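Participant: What follows is a predicted protein model with its sequence.
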Amino acid sequence: MDEVFEPTEDSSALAAVGQERGLRVRLLEERDTEAVRDIIKQHHSTTVFRDQTFSDWKLNEHFNTILSRPPRMVCPVAILDGRPIGVAWAIADSYMLTDGPLFVTVHVIAVDLTASPVRRAKVFLALVAAVRHWAATLNASHSFIHVTTGSNIKATDRLMKAAGAEYVGGAYVA
């Protein structure tokens, strides 16, 4: 991950994230939405929310918002062999009790489950690196990646540690 992820309005300006030959990370483009939808549906099917009906309408609304390029939102897409293989979605805001710097909340990181476990790990780490770089461009104080899916907790913990993340708490479902 020595190369730079440049979050600009021009998604073609995003440089490769040096995880794997041919793996690139860039901003979501309209042409990505159907492949990303498939990845998000795979992801949904593995979560604690899998018994809830997937909403294409709601995802379309998210796509419309993301594609409007709001200033404090990013949706990096990992591209391998010319097709999306992973996606993340994050927003930046200030902490509710301070006027201090922004912090980033990552709402989702999803990787194509048909890829090998090693490739999925590399894509996951590339997406985390992209979000962290974007956060740095905003001078964000923290980046929180909320793991609320209830799936692959131990593997996710290993990946987060490999990405340099520190565990600060958890999600509880009652």
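Facilitator: Received it, and whenever you're ready, just let me know what you need. Numbers count the residues shown, from 1 in each chain.
Participant: contacts, neighbours, all on C-alpha from now
Facilitator: Fine.
Participant: Tell me who's in contact with residue 106.
Facilitator: 88-91, 143-146 (CA atoms under 8 Å, 6 or more residues apart in numbering).
Participant: quick one: which helix or strand includes it?
Facilitator: For residue 106, the host element (DSSP states H and E) is strand 102-111.
Participant: if you take the average position of this protein, which residue is closest to it?
Facilitator: Taking CA atoms, centre = their mean, the centroid of the chain lies closest to residue 88, which sits 1.7 Å from it.
Participant: hang on, isn't that residue packed against residue 105?
Facilitator: No: assessed by CA atoms under 8 Å, residue 88 is found out of contact with residue 105, at 10.8 Å.
Participant: gap between the residue nearest to residue 74 when sequence neighbours are not counted and residue 76?
Facilitator: Spatially, and ignoring its direct neighbours in sequence, residue 74 is nearest to residue 90 (5.4 Å; CA to CA, 6 or more residues apart in numbering). For residue 90, the distance to residue 76 equals 9 Å [CA to CA, to the nearest Å].
Participant: and the residue nearest to the centre of the chain, which of the three is it?
Facilitator: Using DSSP: H, G, I helix; E, B strand; the rest coil, the structure places residue 88 in strand.
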